[in-house]
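1. below are the sequence and a predicted model for it; my questions follow.
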Amino acid sequence: MIARNLANIISNNLWKNKAIIVMGARQVGKTSLLKMLFADAEDVLWLNADEQDVRALFENATSTILKQYFGKNKIIIIDEAQRINNIGIKLKLITDQMMDKQLIATGSSSFEFNWNPKKNSKIPQIFKKTYANSDFKIINKDNIEEFLI
C-alpha cells in the first residue's frame, strides 16, 4: 500500500523539469520502489554510485560529457547518489542543461547538498511538504502519512 502510494507520487511528479530525490534510511526499499516503477521502461539509465567508475564519471563532469554518456536515455536514475562529491551541484547541472531528461536520485539520510534548498527549487525532494521556504524532510515510518496524497 505505501509503496503504491509512493510510486504514484513519483509518477505524478515526472517531467516537471525538476529532479526527484528519494531519500531514506538504508535498506528501506528506495531502489526496489524505482525498479518496480520503471521495470518496463526502455529508456532508463541506471547508475549506481557505489561503483567507482560512476563516481569518477561525476568527478569532473560537464554537461557535454554527461549528455554523451546519457545518450538517448530519457530517465536517468542515480542510485546511492550521496556517494558522489558535490552531488547537489551535479544534479542542478543535469536538470538545468538537459531538459529532455528526467533525473531521479536515491540516497540515504546522509544525502547532503552543497547549496541552500530554500533558494534553489530546481532540486526539490519529492517528499517534502510544499509550503514556502520549507526545509527538506526525510520520509520515515513515523511521518509517512503526512506525505501521502
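-> Arrived safely, thanks for sending.

2. all strands of this protein, in order?
-> Taking DSSP state E as the criterion, the chain carries its strands at 20-23, 44-48, 75-79, 102-107.

3. and Leu33, how far from Asn5?
-> When distances are taken as Cβ to Cβ, to the nearest Å, Leu33 and Asn5 turn out to be 11 Å apart. Every residue, glycine included, has its C-beta placed from N, CA and C.

4. more crowded one of the two?
-> More crowded of Leu33 and Asn5, by other Cβ atoms under 10 Å: Leu33, with 19 against 14.

5. quick one: contacts for that one?
-> Ala3, Leu6, Ala7, Ile10, Val22 (Cβ atoms under 8 Å, 6 or more residues apart in numbering).

6. quick one: average pLDDT of stretch 83-103?
-> Averaged over stretch 83-103, pLDDT sits at 91.

7. pull that stretch out as CSV, backbone CA atoms only.
-> Listed next in CSV are the C-alpha coordinates belonging to stretch 83-103 (Å, rounded to 0.1, in the frame of the first residue of the first chain):
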residue,chain,number,x,y,z
ARG,A,83,28.4,8.9,-2.5
ILE,A,84,29.2,11.4,-5.3
ASN,A,85,31.1,14.5,-4.2
ASN,A,86,29.2,17.8,-4.6
ILE,A,87,26.2,15.8,-5.8
GLY,A,88,23.8,18.8,-5.4
ILE,A,89,25.7,20.9,-7.9
LYS,A,90,25.8,17.9,-10.4
LEU,A,91,22.1,17.3,-10.1
LYS,A,92,21.4,21.0,-10.8
LEU,A,93,23.7,20.9,-13.8
ILE,A,94,21.9,18.0,-15.3
THR,A,95,18.4,19.5,-14.6
ASP,A,96,19.4,22.9,-16.0
GLN,A,97,21.2,21.7,-19.1
MET,A,98,19.2,18.6,-20.1
MET,A,99,15.6,19.5,-20.0
ASP,A,100,14.7,16.4,-22.1
LYS,A,101,15.9,14.1,-19.2
GLN,A,102,14.1,13.1,-16.1
LEU,A,103,16.6,12.9,-13.3
